[in-house]
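Quick one: sequence and predicted model below, then my questions.
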Amino acid sequence: MFAVIKTGGKQYKVAEGDKIVIEKLAADAGENVTFDDVLMLGDDKKVTIGEPLVAGASVVGTVDEQRKGAKVLIMKKRQRNTYRRKKGHRQLETVVTIDSILADGKKAPAKKKAAPKKEEAPKAEAAPKAEAKKPAAKKAEAEKPAAKKAAAPKKAAAPAKADDLTKMKGLGKVFAGKLEAEGITTFAQIAKMKKADIDALEEKIGAAGKFESNDWVAQAKELAKG
C-alpha cells in the first residue's frame, strides 16, 4: 500500500519502510509522528483520492534524525557599482522512516513504559544448627572410603551471536534497535515466534501489522539457514 501525504507545503508518495527527508518537524529522534493530511491511498487493486483529504486516513512514522541540508549560496550584485553580497543557507530537515499506513482511522498503538521492578527484601540467613556427633557416627565416618572429588562445573554456553536484523526487507535500524531492546537479536528467535508472541511484541514496540505486511517470519527462516 502507498499514500500521498502533505507536510511542509510539499507532497510525498510513501510506503511502509520508506525513509523521507522533509521540512523540520518539532520532534526528537526516536519519537513517533503522525501525518493526518493524506491526499491519496492506493494498492494493487484500488486507489482512493481525497476531497481534498482521505477521511480517517493517517500515516505514522519515526523520526530518525534532525539535520541541516546542503549549503546553498546566494549572490547579489549591482551593475556599475561596488555592491557585492554573498550569503549561505542550510535548510533544517527531518529524516523520517514510515512505519505504517492507517486507512481505517485507527490510531497506532502507544508505546508502553515498563513498570519499575520491585526490590526484593534481603532474606534472613538461617542460623547453623549445632549437632553433636555421636562417637559411633565419627567411627563410621572414618571407616568410609574417601568421597570422589566433585566434578568441575561445566562452562556456561556462550550466548548466541547477534545477527544483523537490518538484512530483512522493511526492517530499518530504528526497529532493529527496538527488537534488540526486547531481547530479540537473531533470525532464529524471529523464525520461532508464534502469532500471540508477534501480536504482543507489535503492541509493545508500536509496530502494528509490520510482521505480517513484511513477512518477517518467513524472511527470518531463510536467513537463519545461512
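Structure received. Numbers count the residues shown, from 1 in each chain.

alpha carbons only for contacts and neighbour counts from here, please
Noted.

By mean pLDDT, flag the weakest helix or strand of this protein.
The weakest-scoring helix or strand in the chain, judged by mean pLDDT, DSSP states H and E, is helix 135-143 (a mean of 56).

next structured bit after it?
Sequence-wise, the next helix or strand downstream of helix 135-143 (DSSP states H and E) is helix 173-181.

What lies in contact with the helix or strand just after that next one?
Downstream of helix 173-181, the next assigned helix or strand under DSSP H and E is helix 187-191. Contacts with helix 187-191, where a contact means CA atoms under 8 Å, 6 or more residues apart in numbering, come from 163, 165, 184, 216-218, 220-221, 223-224.

redo that, cut-off 7 Å
Contact with helix 187-191 is made by 163, 217-218, 220-221, 223-224, as judged by CA atoms under 7 Å, 6 or more residues apart in numbering.

hey, where'd the strands end up in the chain?
2-7, 10-15, 19-23, 32-35, 38-42, 47-49, 58-77, 84-102 (DSSP state E).

Could you dump those strands into a markdown table and include mean pLDDT and distance to Ala208?
Putting the strands of the chain into a markdown table (pLDDT from 0 to 100; distance: least, CA to CA, whole Å) gives the following:
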| stretch | mean pLDDT | distance to Ala208 |
| --- | --- | --- |
| strand 2-7 | 94 | 16 |
| strand 10-15 | 95 | 15 |
| strand 19-23 | 95 | 18 |
| strand 32-35 | 95 | 13 |
| strand 38-42 | 94 | 18 |
| strand 47-49 | 92 | 22 |
| strand 58-77 | 95 | 11 |
| strand 84-102 | 95 | 7 |
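
Need the winner for burial among those.
strand 38-42 (a mean of 21; mean count of other CA atoms under 10 Å).

That one packs against which elements?
Contacts defined by 3 or more CA pairs under 7 Å, 6 or more residues apart in numbering; DSSP states H and E place strand 38-42 against strand 2-7, strand 47-49.

Give the partner strands of that strand in its sheet and their orientations.
Here strand 38-42 is paired, per DSSP bridges, with strand 2-7 (antiparallel), strand 47-49 (antiparallel).

Figure out which of the ones you listed is closest to Arg78.
Shortest distance between Arg78 and the strands paired with strand 38-42, using CA to CA, is found for strand 2-7: 37.0 Å.

Gly209: which of the strands paired with strand 38-42 is closest?
Among those, strand 2-7 sits nearest to Gly209 (CA to CA), with 14.8 Å.
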